[in-house]
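> below are the sequence and a predicted model; questions follow.
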Amino acid sequence: MLFGTQSHSLGYFNAVFPYNVKMMKFAWDNYKLYALGKNELRPLTKNGHIGNMFGGLRGATVIDALDTLYIMELEEEFQEAKKWVEKSFDLNVNGEASLFEVNIRYVGGLLAAYYLTGEEMFKSKALELGEKLLPAFNTPTGIPRGVINLGSGMSWSWGWASAGSSILAEFGTLHLEFLHLTELSGNPVFTEKVMNIRKVLNRIEKPQGLYPNFLSPVTGNWVQHHVSIGGLGDSFYEYLIKSWLMSDKRDAEAKKMYNDALEAIEKHLVKKSAGGLTYIAEWRGGILDHKMGHLACFSGGMIALGAEHAGGEQKQQYMDLAAEITHTCHESYSRSDTKLGPEAFRFDSGTEATATRLSERYYILRPEVVESYLYMWRLTHDPKYRQWGWEVVQALEKHCRVEAGYSGIRDVYTTTPTHDNMQQSFFLAETLKYLYLLFCEDDVLSLEDWVFNTEAHPLPVNHTNFKAKASVH
Ligand code: DMJ
């Protein structure tokens, strides 16, 4: 166990370190006080939010917070969360769940809690939940549908997804967790399901080498040619490079798919603005949309992580690209009045790294920009990444902290923002965890031994075999 046996040696900014822990405690204490057992806290009205993504499952914030509480050594709070999972987390539910969200938050959170603590209870709940996701794969191609009823096993596609299609970022973001489910259960079915997804993707022709975001689970053909490294596409690319890393660099197929995809992205989507900012545009049937979503800002970190393992000149080329994209994402923050970034920013009609539409000015406590700061810090040790992380901490305290927790804001371009009354569970899983790790020594959840799933839940690298109980260091 971590508690009581060690203390983290502090890095560069000693002051920030305990500060981040206090932020986590504040977020957790208020969730516990007003919303324990609901999925998320509404910090203005001081009540809980259930939402419609988790199919009747409750406690998204508890499961998402477990590993962050643990690594921050908030022992009492970790025990409270653990007790809730043990006594109150009910898996016998009925309702429409997002396969993707349940996998990344609940399965990922439970697996990470198991690997960090060795507590069997987390493992058995992860396996039980994993089993409930399997019927979503009963389609002609084996590409899962996006929505599943966890009680009946019925599954269907999102109403908004064109022509009954499945979403690349959703069916492409199961691999890490499903490999661990097989490892822990001895049941090959989980690995078979995700390897089949890979087979379908390898077989199908890619326009200009790019992966469109919508695929039919019936025919196995692309439904629409919209390509994005932001929403709808994002974590598919992330899971390719992380699958290779998690396999201790043995899964050569994943590495090749990642390299090929990144090459196509670089060729067709990476652009430079008149003001010299590098960004990744979206692609609609060959036409570029000069827009980057906040979600796309994870890519600085991903490209740096991949560059680390690229050979020769490519390593520097990708490291430069990663640094430029992270810089652009930082600009999207520093050009706002709150120093927090908008949901999407554009590079057209004289605009650079700024939201132009009212509907894109909000910030919902998302982690992607600080996620890239963490990877860039770990891989370059350029102190500016810690400085930028500290700016985010200050901005969160100033604009998002309210009496009973942290809230998203509706407009990053005003210093008197309106709050959206929602403390997202990923704020505790990701934003606060990445900010904390940014100020830790590199051996706390080292990048050699752990990969973070897309909700920042750490999963161990398969150095020899997964069974060896992992330790945080
Ligand atoms: C999280 O649930 C995950 O990071 C996911 O990959 C994207 N959306 C949110 C955070 O913004």
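Okay, I see it.

> and residue 292, what element?
Here residue 292 sits within strand 291-293, counting by DSSP states H and E.

> partner strands of that strand, parallel or antiparallel?
strand 344-346 (antiparallel) (DSSP bridges).

> and the strand it pairs with, anywhere near the ligand?
No: Strand 344-346 lies apart from the ligand when judged by CB under 6 Å from any ligand atom; the minimum separation is 12.6 Å. Just so you know, the C-beta spots here come from the backbone N, C-alpha and C atoms, and that holds for glycine as well.

> as a whole number, average confidence for whichever helix or strand comes after that strand?
Moving toward the C-terminus from strand 344-346, the next helix or strand (DSSP H and E) is helix 368-380. Throughout helix 368-380, pLDDT has a mean value of 98.

> show me what helix 368-380 is packed against.
Applying 3 or more CB pairs under 8 Å, 6 or more residues apart in numbering; DSSP states H and E, one finds that helix 368-380 contacts helix 299-307, helix 312-334, helix 384-395, helix 432-438.

> centre of the chain to it, how far?
Helix 368-380 has its C-alpha centroid displaced from the chain centroid by 13 Å (CA atoms, centre = their mean, to the nearest Å).

> next one: stretch 51-63
16 Å.

> mind listing what's buried in stretch 318-338?
For stretch 318-338, the neighbour count (16 or more other CB atoms under 10 Å) marks 318-319, 321-333, 335-336, 338 as buried.

> that older thread, now the helices and strands packed on helix 368-380 in TSV, with mean pLDDT?
Below are those laid out as TSV (pLDDT from 0 to 100):
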stretch	mean pLDDT
helix 299-307	98
helix 312-334	97
helix 384-395	97
helix 432-438	97
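
> what's the neighbour count on the residue in the stretch 101-250 of the chain positioned nearest to the ligand?
Here the stretch 101-250 of the chain gets closest to the ligand at one residue, residue 235, 4.6 Å apart by CB to the nearest ligand atom. Around residue 235 sit 25 other residues, with neighbours defined as other CB atoms under 10 Å.

> do the same with residue 108
Per other CB under 10 Å, the neighbour tally for residue 108 reads 28.

> what's next to the host helix or strand of it, contact-wise?
Under the criterion of DSSP H and E, residue 108 resides in helix 108-117. Residues outside helix 108-117 that contact it (CB atoms under 8 Å, 6 or more residues apart in numbering): 1-2, 63-64, 66-67, 70-71, 82, 85, 119-120, 122-123, 125-126, 129, 176-177, 180-181, 184, 429, 453-455, 457-460, 469-470, 472.

> narrow the residues you listed to just the buried residues.
2, 63-64, 66-67, 70-71, 82, 85, 122-123, 125-126, 129, 176-177, 180-181, 184, 429, 453-455, 457-460, 470, 472.

> low-confidence stretches in the stretch 351-473 of the chain?
Residues of the stretch 351-473 of the chain that meet the criterion pLDDT under 70 lie in 465-473.

> adding distance to the ligand, write the helices and strands packed on helix 368-380 out as TSV.
Shown next, in TSV, are these (distance: least, CB to the nearest ligand atom, whole Å):
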stretch	distance to the ligand
helix 299-307	11
helix 312-334	13
helix 384-395	14
helix 432-438	10
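
> residue 349 reaches residue 357, doesn't it?
No: applying CB atoms under 8 Å as the test, residue 349 and residue 357 come out as separate, 11.8 Å apart.

> quick check: which element contains the residue of the stretch 101-250 of the chain closest to the ligand?
Going by DSSP H and E, residue 235 is in helix 234-246.

> tell me the angle of that helix relative to helix 368-380?
30 degrees (axes from the mean of the first three to the mean of the last three CA atoms, to 10 degrees).

> roughly how far is helix 234-246 from the heart of the chain?
Relative to its parent chain, helix 234-246 has a centroid offset of 11 Å by CA atoms, centre = their mean.

> what's it packed up against?
helix 168-171, helix 175-185, helix 252-268, helix 299-307, strand 450-452.

> and residue 392, which of these is closest to it?
In terms of CB to CB, the element of the helices and strands packed on helix 234-246 nearest to residue 392 is helix 299-307, at 14.3 Å.

> contact partners of the closest one?
With CB under 8 Å, 6+ apart, helix 299-307 has contacts from 229, 234, 237-238, 241-242, 245, 258-259, 262, 280, 314-319, 321-323, 325-326, 329, 371-376, 379-380, 447.

> how about a cut-off of 7 Å?
If you take CB atoms under 7 Å, 6 or more residues apart in numbering as the criterion, helix 299-307 is touched by 229, 237-238, 241, 258, 262, 280, 315, 318-319, 321-322, 325-326, 329, 371-372, 374-376, 379.
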